[in-house]
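J.: 3D, please:
(one chain, ligands or ions: 1)
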Amino acid sequence: MELALGHNWYGMMSPRFTALITTVDKDGTPNAAPHSFVMPFSHEPPVACFSVIPSHHTLANVRETGEFVINVAPEPILRQMLICSRHYPKGVNEIKEAGLTKRKSKLVKPPSIEECVLWIECRYILEVAFPTEISDHNMIFGRVVRAECKDEFVTKDEFDALKAKPILHNRWGREAFIIAERVVGRPKGEFREVK
Ligand SMILES: Cc1cc2nc3c(=O)[nH]c(=O)nc-3n(C[C@H](O)[C@H](O)[C@H](O)COP(=O)(O)O)c2cc1C
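T.: The predicted structure is shown next:
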């Protein structure tokens, strides 16, 4: 089946992990918005990036104050996460509107969200902006300065995804969310390139 490259073509690249990105404006008012165009970019030094529509408050805040937190959202807060995707006027504290709880970040100004499973604190490195005929999103890169996961979701130094239930965004067809129910270990054997 060939799909038309309509608005939701990117649904073919599903599911994707979903984060609430928190920022603050220059007056210190927090903002939270769900993002699923998010990815790790560099191992060492640690860099993460996400893609954002230029008119969004998240981008305005990153430009104003230069920091953000990637909060990985779990199934129990799916509704609250969607409330944060509403287009509120600038200056509205979406964490409060959604009934979520602010948690002080350790190294950056934007608060984290208590109900999330892990928190990645970042400082702005670079924005890549494109003419609209090239892209309708800009790319923000941030140096990861701190990363913390809730202790209850770490079992023997491993992330327990079955317990944490991170939300995966599925945009192919009707919008849906996928929660993992099974973990498949890496098969034993030699998979490196044969020269
Ligand atoms: C599951 C989900 C994922 C989303 N992913 C993105 C994304 O990666 N980039 C983006 O710009 N908007 C994304 N959005 C839309 C924004 O969250 C939404 O437009 C929000 O109101 C922007 O808020 P802000 O203006 O406070 O930044 C997503 C929405 C949902 C529900």
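J.: pretty sure Arg123 is touching Ile140, no?
T.: No: Arg123 is beyond contact range of Ile140, at 11.1 Å (criterion: CB atoms under 8 Å). (Each C-beta comes from the backbone N, C-alpha and C, glycine too.)
J.: Neighbour count: these two, which is higher?
T.: Ile140 (25 against 15; other CB atoms under 10 Å).
J.: List the buried residues of the lengthiest helix in the chain.
T.: The longest helix of the chain (DSSP state H) is helix 57-65. Of the residues in helix 57-65, 57-62, 65 count as buried by neighbour count, 16 or more other CB atoms under 10 Å.
J.: Quickly check: it near the ligand or not.
T.: Yes: against the ligand, helix 57-65 shows contacts by CB under 6 Å from any ligand atom at 57-58.
J.: Would you tell me what the next helix or strand after that helix is?
T.: Counting by DSSP states H and E, the next helix or strand C-terminal to helix 57-65 is strand 67-72.
J.: could you give me the average pLDDT of the helix or strand just after that following strand?
T.: Counting by DSSP H and E, the next helix or strand C-terminal to strand 67-72 is helix 78-83. Helix 78-83 comes out with an average pLDDT of 98.
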